[in-house]
Each structure stands twice: as C-alpha cells, then as structure tokens.
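> Predicted model and sequence follow; I will ask about them next.
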Amino acid sequence: MASAPQEVNLIGVCDGELDPKKYRSSFLTNKVGGRPDWPPAVSPQAPRCGLCGAPSAHVVQVYCPLDASPYHRSLHLFACPAAECSGRSEGWRLLRSQCLESGAAAAGTPGRPAPPPEAPLSATDWCDAADDWGMEGQEGWGGGDTRAQQAEPQAEGSGLSSGLQSLSLGAAEDDGPVFRPFFISVVEESDLCGQQDLDHVQDLLRDYESREGAVAAVGQPDGGEEKYEKTGARHGDAVFSRFMKKVSLCPQQVLRYCHRGKPRFICRPPASMERLVPACGSCGGSRTFELQLMPALVSLLRRKDGGAEAELEFGTVLAYTCEKSCWTAGSGSALEEFCFVQADPDQQFFK
C-alpha cells in the first residue's frame, strides 16, 4: 500500500513595505494590508462586519492557484478594526475570487503558464506558484529581493479605475481603514528545521515551560506526533504548547498555508469543530482547511494614514474554502468562504 503523501506546510513572512510609488500590486501579489486587488471581471467588494456593521479592513491577500485548474485564484481576508469584533469569527470575512488564465492574459494581466491538465490536486499546490512568491533563486531564508517578481512597476500617472461599482457586500472601498501594505515571502517549513533552529526552539520551550508549568516532549526527528505531559498549565491543556513549538521555528511567521492540510489550533478547539464549518454556500459541497493567520501579524497591522491604530486582536484565524473550489465561468462576484477565529490565550508572549 502506498504511503500517504507528506503534508507540506508553507510559511509566509513579511518582506518589506510595498511602496506604491515604485510598485503597483495586482491580484497576483501576496501581501498584508493595502487595498484588495481583484482579478479581471470580478467587481470590487467591501465587506462589513457581521457584528457591528462597520466597514471591514483588508488584512491579507493571497494568490493561490490550484494545479489542474484553468483559473487564477485569490483569497482576501477582511476584519472589523474593532478589537471586540476581530476576536470573533463573525468579525471576519473571507472572499475567494477566480478568473480564467486565458481571460486574464486577454485583459493584459500578467499570468503564469497553465499547469498540465493531468496533474492532480495536492497539498503542494501553493508551492507550485512559488515563483510568484519569489522562492526561485532566493538565497536562504527570506534573503532575496522578491518585490520585482510580486508586483508590476508603477506606471507614471496610472491608478485604480474609479468606474468600478461595488456590490452589496458593503460600501465603497475607501470607507474602511487601510493598513500599511507589505509583501509576503514564503518558505517551506521543512527548510527551517536545521539544528540551529531546533536549539532555538528548545530554549524558547524551556522558558515557556518554566513560566507556564507545562512540560512538553520535543525532538521528534521523524516528524511524528508530539506528546505532551500536562502538569497544571495555565491554559488547561497542551494545545498552546504544541502551537508554540511550531511558531518557534519562525516567530515572525504571519501566515501558514497547507491546502487540505490540518490547522494548528492555539487553544483547544470545539468538540464539534467539523460541524461548525458550513458547507459551501455556492455548490453545497464540503469545505477544507487552506490557511491560517498567525499572532505575529497583529503587531504589523498599522494604519496607512497614520491615524489611530486599528485594534485587531486574535490568536489565529483559520480559513476554510470549498473543497472543489467551485466557480462559474464569467462570474463577476467573489464567493464568500468561512473563517474560524481563536483568541490568543497569551498575547503578550508574542509582543
């Protein structure tokens, strides 16, 4: 019997500010903050908070095409800027938009070659588009200058079209706060597992255990399941310890991606977690985990206009998308997916 394919986790980190005077981002750009960039023929949308009704802020944009698909594919995550809303799932909105690669090329949008039609969908789909993240030719971890690969040079006098009409998801796009935009670069988590990294992990865990009263069994060279001994940890279980071990490999990670993989919970999830993830509102099919936002992102979310800081507070935000990535050719509306938010039981640990 063939063994199951190994789960590939990709780690996203901020890689310098996206200066609009030098670069114009597109829907192919992976970024934190800024205005959302929509694929051709997809109307701009500005979601509002499901709790208080306030305009939501654009938090993250991820370009994540799938193998064996003729579509470009992007995810946009929005959050209510109020702390009391951003810590709850209802305060977040996740929109998925797609467009045919051929259509994007006809519209003058840079694209990437269509994948072979026989290629199967897999957990490494995101890695297939690694050139869009600047991995190709990159020296070491986050050491390459990926900006030219991730955004187009800003043409003199160019700007966003003012004629696009927003849909009923919200008001005009300029109603909500705008966060300073940063590029996102990516690396495979397995590349972080050198001995130096493991020594750093051990030091951080020992410090955490001495403060929290939790003992974690670490050092699983074969990648096996970690086992933890609970000795009255402050948070009541070993889930947070396990989360911290993963974060410690790269404390600055703002995003983890593993299409059809397993999320990393920051605290014990509900026993009925599977039932909490609703079916796709478009095709009625199941949803699968795709990515999650990490605590280090919170400190990077600063208002672009220099005004009062938005007070986003969250531990991790889990994004679930349609397993089939259903899409109607020619559709001009992004599809809403599902976010599940867990509060950070020890936010000060990341500051």
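Happy to help now that I have it. Numbering: from 1, shown residues only.
> ok, Val239 - contacts?
265-269 (C-beta atoms under 8 Å, 6 or more residues apart in numbering). Placement of C-beta: from N, CA and C, glycine included.
> I'd like to know which of these are buried.
265-267 (16 or more other C-beta atoms under 10 Å).
> any chance of those residues in TSV, with pLDDT, distance to Leu75 and secondary structure too?
Shown next, in TSV, are the buried ones among the contacts of Val239 (pLDDT from 0 to 100; distance: C-beta to C-beta, whole Å; DSSP: H, G, I helix; E, B strand; the rest coil):
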residue	pLDDT	distance to Leu75	secondary structure
Phe265	95	20	coil
Ile266	94	21	coil
Cys267	93	24	coil
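> ok, those residues vs Phe338, which is closest?
Phe265 (15.7 Å; C-beta to C-beta).
> Quick check: nearest residue in space to the closest one, chain neighbours excluded?
Val239 (5.5 Å; C-beta to C-beta, 6 or more residues apart in numbering).
> I'd like the distance between that neighbour and Leu192.
Separation of Val239 from Leu192 (C-beta to C-beta, to the nearest Å): 21 Å.
> May I have the phi/psi pair for the residue lying closest to Gly330 once chain neighbours are set aside?
Nearest residue to Gly330, sequence neighbours excluded (C-beta to C-beta, 6+ apart): Ala41, at 7.3 Å. Here is the backbone geometry of Ala41 (degrees, to the nearest 10): phi 80, psi -10.
> my guess is Ala41 meets Cys99, correct?
Yes - counting by C-beta atoms under 8 Å, Ala41 does reach Cys99; the two are 5.9 Å apart.
> With neighbour numbers in mind, choose between those two.
Cys99 (26 against 16; other C-beta atoms under 10 Å).
> What is the neighbour count of the closest residue to the more buried one other than its chain neighbours?
Using C-beta to C-beta, 6+ apart and skipping the chain neighbours, the partner closest in space to Cys99 is Pro39 (3.9 Å). Counted with other C-beta under 10 Å, the neighbours of Pro39 add up to 23.
> Pro39 belongs to a helix?
No - the assignment for Pro39, made by DSSP: H, G, I helix; E, B strand; the rest coil, is coil rather than a helix.
> That one and Thr29, how far apart?
For Pro39 relative to Thr29 (C-beta to C-beta), the value is 12 Å.
> okay, Gly232: pLDDT?
Gly232 carries a pLDDT value of 44.
> give me the element Phe78 is part of.
Phe78 belongs to strand 71-79 when assigned by DSSP states H and E.
> Would you tell me what the next helix or strand after that strand is?
helix 83-86.
> That following helix - what's its average pLDDT?
On average, helix 83-86 scores 88.
> Check which residues of it are buried.
Under 16+ other C-beta under 10 Å, the buried positions of helix 83-86 are 85-86.
> ok, back up a step: pick the one among the buried ones among the contacts of Val239 closest to Thr321.
Looking across the buried ones among the contacts of Val239 and measuring by C-beta to C-beta, the closest to Thr321 is Phe265, at 18.1 Å.
> which ones are touching that closest one?
Contacts of Phe265 (C-beta under 8 Å, 6+ apart): 239, 243, 316, 342.
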